[in-house]
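Quick one, structure for this:
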Amino acid sequence: MTEATKPLLIKRYASRRLYNTETSDYVTLEDIAKVIREGREVQIVDLKSGDDLTRQYLLQIIAEHESKGESVLPINVLTDLVRSYTTSAQSVVPQFLATSFEMLRESQSKMMENMGRMSPMGAMPGFEAMKAQQEAFLKAMTGGWPGASGPGHEDSEPADDLDDIKRQLAELQDKLAKLNG
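Now for the predicted structure:
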């Protein structure tokens, strides 16, 4: 595995300080969140026991963002997650969530790919800048998590969102054609 594809190893010392083994310095939860947003996997282990603490710290990062008003998870989703820990649905929920996030990642990727292929838009001056802005917007809406759903879309179907985006894109193309015509 190359350095960029293997998880970044973070060691937790007895003092609860977190140590980045690649850069040889101490890091904060926000530093770890930034690495994850950049697409890198992390693994956090207790130095003394060797226990994997990754899940615990990822949940803590999410809790801190939610408590700062950066709410991505609606109350009903959080409530359903709590319920899933005490029901037979517990075995289905992790696979469902993983599949849902994978589908979202794929649809975002395809949408950006399709935007680049559309001939009138692709040839338009400044299209690459607009595409970069769209990617930044999607990243901001999803909290920078690869595959996370954005706020305000918890009740809509991905296909409906894609149709809405296509409709909006068609309207923009019509407006651009009128301006150029």
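
Following the record's annotation, map out the domains of the protein.
8-70, 99-180 (automatic domain parsing).

so where's this protein uncertain?
1-4, 88-91, 115-160, 180-181 (pLDDT under 70).

Mind naming the longest helix for it?
When the chain is parsed with DSSP state H, its longest helix is helix 93-117.

Point out the other elements, helices or strands, that that helix touches.
helix 127-141, helix 158-180 (3 or more Cβ pairs under 8 Å, 6 or more residues apart in numbering; DSSP states H and E). C-beta here means a position set from N, CA and C on the backbone, and glycine is covered the same way.

buried residues in it?
101, 104, 107-108, 111, 115 (16 or more other Cβ atoms under 10 Å).

got the angle for it vs helix 158-180?
20 degrees (axes from the mean of the first three to the mean of the last three Cα atoms, to 10 degrees).

quick revisit: just send the buried residues of helix 93-117 back as a markdown table, with distance to Asp52 too.
Below are the buried residues of helix 93-117 laid out as a markdown table (distance: Cβ to Cβ, whole Å):
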| residue | distance to Asp52 |
| --- | --- |
| Phe101 | 21 |
| Leu104 | 26 |
| Ser107 | 31 |
| Gln108 | 29 |
| Met111 | 35 |
| Met115 | 39 |
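
what's the farthest-apart pair in those?
Using Cβ to Cβ, the pair of those lying farthest apart is Phe101 and Met115, separated by 21.5 Å.

Got phi/psi on Tyr85?
For Tyr85, the backbone dihedrals (degrees, to the nearest 10) come out as phi -70, psi -20.

ok, it to Lys178 distance?
As judged by Cβ to Cβ, to the nearest Å, Tyr85 and Lys178 stand 55 Å apart.

ditto for Asn114
23 Å.

which of the residues in stretch 65-81 are buried?
Those would be 65, 72-73, for stretch 65-81 by 16+ other Cβ under 10 Å.

Confirm that Tyr19 sits in a strand.
Yes - membership of Tyr19 in a strand is supported by DSSP: H, G, I helix; E, B strand; the rest coil.

what about it, how many neighbours?
16 (other Cβ atoms under 10 Å).

Test my guess that it contacts Val27.
Yes - between Tyr19 and Val27 there is a contact at 7.3 Å, judged by Cβ atoms under 8 Å.

show me what contacts Arg17?
Tyr26 (Cβ atoms under 8 Å, 6 or more residues apart in numbering).

For it, give its distance to Ile36.
For Arg17, the distance to Ile36 - Cβ to Cβ - is 19 Å.

Also Thr54?
Taking Cβ to Cβ, one finds Thr54 at 10 Å from Ile36.

Now the common contact residues for those two.
Val42.

if we can go back for a sec, can you tell me which of the buried residues of helix 93-117 is closest to Gln60?
The closest of those to Gln60 turns out to be Phe101 (Cβ to Cβ; 19.4 Å).
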